[in-house]
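Asker: Predicted structure and sequence below. I'll ask about it afterward.
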Amino acid sequence: MDNQIHDLTTSITTSLSIPNQTMRIQIPVSMLRENGSQWNHTLIFTLFDGGHLNPNHVMRTIKIKWKITEVCDMVRAGHNRFICRFSNVNDQERIDDN
């Protein structure tokens, strides 16, 4: 029984140990460009209120206030910080100009 526990412990320790060599991963440039292009037509904004705002209410209110004509994706990125990605470039340009 002690041998089994020792073998199991050794096996777990070996499989969980981090290798001493630095791992390098080559990421293709095309993949980097695709990943970066997902942030085109995007605004990041923070609302300074002091309190915690309900993300669902913020997203709904911003879409109405900005009069967004087409679909936009909005996600919460932190405390009262949101990312809005527009499907219509004209919506973003209109908001940027104001």
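Answerer: Thanks, I have the structure now.
Asker: Can you give me the pLDDT of residue 64?
Answerer: Note on residue 64: pLDDT of 90.
Asker: now residue 28
Answerer: What the model reports for residue 28 is a pLDDT of 85.
Asker: what's the spacing between it and residue 39?
Answerer: 18 Å (Cβ to Cβ, to the nearest Å). Quick note: C-beta positions are derived from backbone N, CA and C, even for glycine.
Asker: And residue 96, by the same measure?
Answerer: The separation that residue 96 has from residue 39, given Cβ to Cβ, amounts to 15 Å.
Asker: So, low pLDDT: which residues of this structure?
Answerer: Across the chain, the ranges flagged by pLDDT under 70 are 1, 17-19, 23, 50.
Asker: Strands of the protein, start to end?
Answerer: 42-46, 72-78, 81-86 (DSSP state E).
Asker: could you give the angle of the second one to strand 81-86?
Answerer: Put simply, strand 72-78 runs at 160 degrees to strand 81-86, going by axes from the mean of the first three to the mean of the last three Cα atoms, to 10 degrees.
Asker: And strand 72-78, what's buried?
Answerer: 72, 74 (16 or more other Cβ atoms under 10 Å).
Asker: what pairs with it, and is each one parallel or antiparallel?
Answerer: strand 81-86 (antiparallel) (DSSP bridges).
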